[in-house]
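S.K.: Coordinates for the following, if possible.
(2 chains)
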Amino acid sequence: MAITEERPPLELTSGDLPPVEVETLGVFHRPRSTHGWASWFTTVDHKKIGIMYGFASFFFLLVGGFEALLIRTQLAVPGNKLLSADLYNQVFTMHGVTMVFLVVMPLAAAFANYLLPLQIGARDVAFPRMNALSLWVWLFGAIFFNTSWFLGGGADGGWFNYAPNSGVVFSPSHGIDFYAVGLIIMGIGSTVSAVNLTVTVLNMRAPGMTLMRMPVFTWMTFIVQVLLVFALPVITVALLLLTLDRMFGATFFDASAGGDPFLWEHLFWIFGHPEVYIMILPSFGIASEVLPTFSRKPIFGYPFMVGSGIAIGFMGWGVWAHHMFASGMGPISVLAFSLATMFIAVPTGVKILNWMATMYGGRLRFTTAMLFSIGLVAMFTIGGLSGVTHAFAPMDTQQTDTYYIVAHFHYVLFGGALFGLFSGIYFWWPKIFGFFLNEKLGKWHFWLMILGFNLTFGPMHILGLQGMMRRTYTYTEGQGFNGWNLVATFGAYLLAVSILVFIWNVIRSYRAHRRNPVNPGPDPWDARSLEWMIQSPPPEHNFDEVPVVEDFDEFWHRKYGHDEQGRPVRIAATEDVVQKGDATGVHLPSPSYWPIVLAAGLPLIGYGVIFNLWWALPGVILMVAGIYGWVLEPSTDPSAGHGHDDDHHHDGDDSDAAALDEPADAGTADGDGEGVDADGSETAAEPEPAMATASAEAQDGGSK
Amino acid sequence: MPRKRKATVVALIGAAAILLGLWLIIRTIGQPTGKPLNTLAPFGQQAQDIQDLTIPVFSVAGVIFVAVLVAVIWMVVRFREPDDVVEGQDEPTQTHGNTPLEIGWTIVPAVLLAVLAVLNVQTLLKLDDTGENPIEVTVVGQQWWWEYRYDFDGDQAPEIVTATQMVMPTGRDVTVKIQSNDVIHSFWIPSLNGKKDAVPGRTHELVFNTENPGIYEGQCTEFCGLSHGVMRMQIKALPPAEFDVWLANMTKPPAQPTNAAAARGEALFVGQCARCHEVNGLTPDSTPPFSYSDEPSPSYGVEVDSSLSSKNAPNLTNFMMRQTFAGNLLALWEGDAATAVVAVPGDVPGAVPDKVNIKRWLRNPQDVKPMDAENNQGMPNLNLSEDQIDDLTEYLVTLGPATRPAA
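M.R.: Have a look, this model is predicted:
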């Protein structure tokens, strides 16, 4: 919060207030630039943050994918010596952690950051600087975690790092230290982000956007954030105990000293199972946007889709010990968790049937996005069914820790989560970047990927049922694993090719766009939710005027009415419904230096904890500086220009906002756009700083 | 409607293709030959109980799998947007949902699962039976091999300590008490029963019962570090009479070696190997003439200096009674003797100890099984000379009844 002098009380303005002099006492000015490469480091714009999440996690997808290729190459033939057992153990551990924490979660976070404010008709998230903080904390944590490769080797205990094998006695390298500290750091980023997005959904919706009018993607993302808020503290506690055991000689997990390895197992899976839904629900949300759009039908059974999501969110907390059916925790626990796990299949099945009912009777357009979503429905069904088979605890004692499980969760996390995320990439790419990805290459990408995917992970069902154990660096002749492993390795290389096709698609489409820019327009797919009502790419202020929402699928209902058979009838041309993106002087939160400074301190502290506590000192100094800078910087810099006005209007000076900030909640929202000078006039600009400051304060206030 | 017919035809072809594929896989998936760890080829009562649950569950899941996939294929063809689409014509009806239908497909799977849940609970309770008048074997997992302790008189001091290959009688419940010496392992013999973790500080029970004599392969299935992937074991199930033969041989110490090379090997064993490995009665302090004792020392790993490697190493007293060694990675006998279902492998006609394998192990154990002796995990490379290796091998093959003098 800025320390400012007295100012008049908050009023709703008609634009006639006298100018108020605001003098900041903060020592620093805020950065002004919203363009150029440097602006990416100080931005608090949820869209830029989302894009950075996306590119960073795609980079890590390549890293984790390379690790996957190493695994598959090692296992292509029996007795392969490509990787030593030690290196193999590091590679599969790093692959798992990378794909979970550095790829699927942040890629979903990319969509959440970018789309959630757009889908609820907001101008940004509730706490924009905190949003930047979560990105940088996560990114620095992710880089920190991967530097372990150069500082003595990666973690080697599996992504679940069961104690006591993760103890310093059995894993003396620093890999697991990097795992523990890295995940604690990334967890801070995720927690901050989860709180931020939860508040955004609860408080920042456009007028009329009731909870039950929110798009399904927003709903699923909202559920995920709530899960994160409760799940991350559990893993943070577990990781802290692990760190204390490893570095300070504590004995939380040492049975010979009164500790208990089960403590880790329970803590890990109390986090670990909700984590599964944290990874899959965003993709469920994406499919629930894509399937209706390309079926030209609303989502079938919206309340059931939302309700089943909530049910999964709740039940997800009561099934963690199904990861421990073979652990020896006793028959009563096994029985209870076995039954609970069986019935979590019910809400999941509802989702699959509702997606199919959405397609039924529709007019299906097979864009790449649609193909990936249909792929999700089919592949996730396989993963879901195999999941039900090991909900039966007796069967699980034969299946767990075999490749059958590996097949199962790749069908869920790759065939489910990643297919959904690729669907989202193709779907929203024109919205985000203002050009299409090439559809022909996209289809090559899809077909290569679904073929490669099934060749890689389909045979693992058979391998697992025939007893091939997980996390094995090799197998031998005579175990009957040869043929299918070779097929799986071939499939993995096909998957790699499909990823290359995707990269080539991005490059080619971008080049084509540079040569001959053709804007896809605000609504290239004839879609349904609010983000399609604004220009592509969206202006920095998102909405010229905050829409007043009257219906689920608000944008669709502005375009179409219905005849008596319930068929859509065009009532308005899309061009007349969409916003022009030309509002000026919309007040937006200023960029800030401090999130990245604060975040940069964390990995330094991490190195300090691992190698030498003195090394943590610069990190602590950076963090303290970051916190003070954050607190002391003016909440908005009165001398800076805001909004996107420099894009379209270079006639103005750096006068301050002429508009209301985004409404703090639906109740007081300035729904009819009164606050926005839609005609671009900036002459009445002066009166607003008090308002602007007050609103920005409301936004940033919670971040203290 | 031709579109509808086309969709049906394509869906039928799809269904046929999926069913054909499934049939090709299912046809051979339960075969045990060449797949020693196959989970779908039960040879024991417990594994059979699990199989009896697996088949109905997989069948239901298979039907749903085929139905969903075929329905998706059908819809993809049936509702594909026509090429000559005109906006405003033949628009789809905007169905928002159908509450009775949705309640229906919430309840039907729930009921289906409730029925299967009954089977689930029955099987669970059946597997939880502790067994009638069972033989108890303590199984101790450690990096990266399994030790078996048989304590028949219940005095807490085992009469038999052996490794890698567990032996049990057929037709009788055998309760294994699973423990761990270091990290979490998991004891799993898929032909006989599901797996159970070996957790430090705990004892977990698992019951085996089989009518079928045989050698059943197993594999550690909880990630336990460097050599987890090759931490294997076997259970040999013998008819009761044969099992008694095995017991009689295992409770007798071998005879002292007679030839010179083996005697040199024994001295070498006392000097080098006995720091970790027990041959009943020999300790690093033993002096010639050596003699064996009848019972293993219950605290060998504790009393003996083990700064070189992990606290415990396999008891080798009746080494040649086993058919494999090195964590079940190497055969101890040439030819059929390594796989014959007999009490005494040396009795198999033409049985010859596989000295090549023994020497390979002694030359550099870490070449066979990755270990980290510097971190007290597994066996160090002792850098023995070829002469020493020859002597030691000559000694090791005397450890068992096969080479006992005919008298």
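S.K.: Run through the helices of the stretch 51-200 of chain A in chain order.
M.R.: Secondary structure of the stretch 51-200 of chain A, counting by DSSP state H, counting those that start in this stretch: helices at A:85-97, A:105-119, A:128-146, A:175-203.
S.K.: buried set for the lengthiest helix in chain B?
M.R.: As assigned by DSSP state H, the longest helix anywhere in chain B is helix B:45-78. Of the residues in helix B:45-78, those buried under the neighbour-count criterion (16 or more other Cβ atoms under 10 Å in any protein chain shown) are B:45-47, B:49-51, B:53-54, B:57-58, B:60-61, B:64-65, B:68-78. Where you see a C-beta, it was placed from the backbone N, CA and C, and this is true even at glycine.
S.K.: next helix or strand past it?
M.R.: Per DSSP states H and E, helix B:45-78 leads on to helix B:99-127 as the next helix or strand towards the C-terminus.
S.K.: so where's the stretch 301-407 of chain B shaky on pLDDT?
M.R.: Scanning the stretch 301-407 of chain B with the threshold set as pLDDT under 70 gives B:302-311, B:402-407.
S.K.: Tell me the residues of it that contact chain A?
M.R.: B:329, B:370, B:375, B:377 (Cβ under 8 Å from any Cβ of the partner chain).
S.K.: 10 Å instead?
M.R.: Counting by Cβ under 10 Å from any Cβ of the partner chain, the residues of the stretch 301-407 of chain B close to chain A are B:329, B:366, B:369, B:370, B:371, B:372, B:374, B:375, B:376, B:377.
S.K.: Closest one to chain A out of the residues you listed, please.
M.R.: residue B:370 (4.0 Å; Cβ to the nearest Cβ).
S.K.: which residues touch residue A:561?
M.R.: Contacts of residue A:561 were listed using Cβ atoms under 10 Å, 6 or more residues apart in numbering or on different chains, and they are A:567, A:568, A:569, A:570, A:571, A:572.
S.K.: Correct me if wrong, but it is in a strand.
M.R.: Yes. Under DSSP: H, G, I helix; E, B strand; the rest coil, residue A:561 falls within a strand.
S.K.: State the distance spanning the first to the last residue of stretch A:317-331.
M.R.: 20 Å (Cα to Cα, to the nearest Å).
S.K.: Give me the number of neighbouring residues for residue A:266.
M.R.: Applying other Cβ atoms under 10 Å in any protein chain shown, we find 18 other residues in the vicinity of residue A:266.
S.K.: show me what contacts it?
M.R.: Contacts for residue A:266 (Cβ under 10 Å, 6+ apart) come out as A:234, A:238, A:260, A:320, A:321, A:323, A:324, A:327, A:329.
S.K.: Report the buried residues of the helix or strand hosting it.
M.R.: Using DSSP H and E, residue A:266 falls within helix A:261-295. Using 16+ other Cβ under 10 Å as the test for burial, helix A:261-295 gives A:261-262, A:264-295.
S.K.: before we move on, what about stretch B:118-136?
M.R.: By neighbour count on 16+ other Cβ under 10 Å, the buried set for stretch B:118-136 is B:120, B:121, B:123, B:124, B:127, B:131, B:134, B:135, B:136.
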